[in-house]
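Q: Test case, fold it:
(2 chains)
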There are 2 protein chains.
Amino acid sequence: MADLVLAVDIGGTKMAAGLVALDGSLVERAMRPTRPPGSDEVGPAGDQDPAELLWQDAAALVCGIMDRLSPEDRLVVCGAGCGGPMTLGGAQVSPLNIPAWRSFPLRRRLADLTGLATFVDNDAKALALGEGWVGAAAGASDYIGMVVSTGVGGGIVLDGRLLDGRLGNAGHVGHVIVVPDGRACRCGGRGCLEAEASGTALAAITGQPARLASAVVVERTGMLVGRALASVVNLLDLPLAVVSGSVALGFGRPFFESAQAEMDQRCGLDFARGARVVPGGLGDRGPLVGAARVGLRGLGAE
Amino acid sequence: MADLVLAVDIGGTKMAAGLVALDGSLVERAMRPTRPPGSDEVGPAGDQDPAELLWQDAAALVCGIMDRLSPEDRLVVCGAGCGGPMTLGGAQVSPLNIPAWRSFPLRRRLADLTGLATFVDNDAKALALGEGWVGAAAGASDYIGMVVSTGVGGGIVLDGRLLDGRLGNAGHVGHVIVVPDGRACRCGGRGCLEAEASGTALAAITGQPARLASAVVVERTGMLVGRALASVVNLLDLPLAVVSGSVALGFGRPFFESAQAEMDQRCGLDFARGARVVPGGLGDRGPLVGAARVGLRGLGAE
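A: Here you go, the predicted model:
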């Protein structure tokens, strides 16, 4: 009999469900696009609550994965990652990039659907947990896991524990200030990392998609990520940053070299010297592996 | 019978010892100047190890306080705050501003002297603990306690726990970057908060002691502290910063208003909005009350 975790990842572009073994391996998975607002791909939606339509998609995906269980398998917990913001513990989620869900009771719905103990957390925190489990931070007790994609997010493990913060948003590295008089940020501030280095920001700055960015833009983006990480390393005495996300991984080596060079210049205190930035190690398995870890973490904390 | 904590604070200018009750009240205290390097105020020091001379002063202070115990009092633990850096748990301290002590075994010496379970931590982390016990952050489970004085330091309590970090230096807010192309910092970086807003920095920038700073300098200093705090609030989802230290408290209201205004501009995310910066509430009791809490925290963790 194999113990497995039911993992769910809900993003603005796609949603996924999977089965993850207790050694962190992804055994099964399925995904589908996240229904855009106003979409009627399965029929007229005008008279149905868009939140419920989206939930029906997610529920179908989860049930499909559960159908793949062998008779000798046993599900021990359900873990889910979802875009923020959300209330503490994911009781109600309002993902910025999923307008259909505002204060949607994701945790209770998943628990009702699966009959499992269920835990929900921010998807960037989930990814950080996954990297520390079987990814580029495996075995580390102090690191930040970060995503540089359409937006910028992250999760921090310190003293061996994932930081939550008062409302569960700790790790939100996208609003560390890197250019004090820089671009206006959607948060109301200026020169936050997200306003200078996210895919959205790069598209606004250059007028073209981030993947077409010039070498100068790639280098600047890496430098600014390194600058934010230097502040985090100095503040929290952590030696490792793992960076994932389509922008960071798409830019690749020049991005990471630029980030590391900036950290080397700015992390000079004894405890900070030598802090490293490395690419995430989980590839497209990251979100589901991380979601599984959210479930196991929840079980352990209960 | 009263249970008391033996509290010790070792700073570059003065050292202190005290008795702290379990409700956080400071019952007794004594202090003396920290012997400067090469000092011979109690006789020729040429043939004695300066580290040992300094320890003799500290030991005499501690013994003097222990002599004040009533027969019905009982010491439950010894807690100490000391300038950093130090190895994890304060086993060996090398305070920047006490050159006589390099890798000095403060924890063992205090334990041998007092016969008590003994715990040592960074003095800024100790102060943060004290503020959360009976000071301006009393009862808060998420806050940063910060000192703006000759240097800039701090300690962070998140999810109800003091953060340590890999080598015990978490909370070191002085090297969050606030002016990316700013003044060279002793850490090797540029434009760290400490390089722009510490007493040492202000003296270098203005050519006079921080206490004589103009209104413009006071406002800029508060603004930069607020900027660093905005990055910390956004990163860690914490709603409260408590700031102590001779520079911050000496500048007073204009400093705090400027810091708050900068935070208000830069903490616009739902979870960060309304984060507050307030003056420390413990005055000159802070270091000993915080040191006592270091001891109690150590007992609890054992």
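Q: wait, does stretch A:119-128 contact chain B?
A: No. Stretch A:119-128 stays clear of chain B (C-beta under 8 Å from any C-beta of the partner chain), getting no nearer than 10.4 Å. Backbone N, C-alpha and C define where each C-beta goes, glycine included.
Q: typo on my end, stretch A:65-82
A: No. Applying C-beta under 8 Å from any C-beta, one finds stretch A:65-82 separated from chain B by no less than 15.7 Å.
Q: Go through the top helix by length along chain A and flag the buried ones.
A: Ranked by residue count under DSSP state H, the longest helix found in chain A is helix A:215-236. Buried residues in helix A:215-236, counted by 16 or more other C-beta atoms under 10 Å in any protein chain shown: A:217-236.
Q: What of stretch A:48-66?
A: So, applying 16+ other C-beta under 10 Å, buried residues of stretch A:48-66: A:50-51, A:53-55, A:57-59, A:61-62, A:65-66.
Q: Let me have the residues you listed in a markdown table, extended by distance to A:Ala272.
A: Below are the buried residues of stretch A:48-66 laid out as a markdown table (distance: C-beta to C-beta, whole Å):
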| residue | distance to A:Ala272 |
| --- | --- |
| A:Pro50 | 47 |
| A:Ala51 | 45 |
| A:Leu53 | 49 |
| A:Leu54 | 44 |
| A:Trp55 | 45 |
| A:Asp57 | 45 |
| A:Ala58 | 42 |
| A:Ala59 | 46 |
| A:Leu61 | 43 |
| A:Val62 | 43 |
| A:Ile65 | 43 |
| A:Met66 | 46 |
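Q: between those residues, which is closest to B:Glu257?
A: B:Glu257 lies nearest to A:Ala51 out of the buried residues of stretch A:48-66, by C-beta to C-beta, at 43.3 Å.
Q: quick one: contacts for A:Asp159?
A: By C-beta atoms under 8 Å, 6 or more residues apart in numbering or on different chains, A:Asp159 lies in contact with A:141-142, B:161, B:163-165, B:170.
Q: Mark which of those are buried, thanks.
A: A:141-142, B:161, B:163-165, B:170.
Q: pLDDT for those - can I get that in a markdown table?
A: Below are the buried ones among the contacts of A:Asp159 laid out as a markdown table (pLDDT from 0 to 100):
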| residue | pLDDT |
| --- | --- |
| A:Ser141 | 97 |
| A:Asp142 | 98 |
| B:Arg161 | 96 |
| B:Leu163 | 98 |
| B:Asp164 | 96 |
| B:Gly165 | 96 |
| B:Ala170 | 97 |
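Q: now, which of those residues lie within strands?
A: If you go by DSSP state E, the buried ones among the contacts of A:Asp159 have B:Arg161 in strands.
Q: just how off-centre is the helix or strand where A:Val147 lies within its chain?
A: Taking DSSP states H and E as the criterion, A:Val147 maps to strand A:143-148. Distance of strand A:143-148 from the chain centroid (C-alpha atoms, centre = their mean, to the nearest Å) equals 8 Å.
Q: Neighbouring strands - and their directions - for it?
A: When pairing is defined by DSSP bridges, strand A:143-148 lines up against strand A:152-158 (antiparallel), strand A:240-244 (parallel).
Q: now these as a markdown table including mean pLDDT?
A: Below are the strands paired with strand A:143-148 laid out as a markdown table (pLDDT from 0 to 100):
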| stretch | mean pLDDT |
| --- | --- |
| strand A:152-158 | 97 |
| strand A:240-244 | 98 |
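Q: Which one, of these, ends up nearest to B:Ala210?
A: When the strands paired with strand A:143-148 are compared by C-beta to C-beta, strand A:152-158 sits nearest B:Ala210, at 32.3 Å.
Q: which outside residues touch that closest one?
A: If you take C-beta under 8 Å, 6+ apart as the criterion, strand A:152-158 is touched by A:84, A:122-129, A:132, A:137, A:140-147, A:162-163, A:170-174, A:193-194, A:197-198, A:232, A:236, A:238, A:245, B:163-165, B:170, B:235-236.
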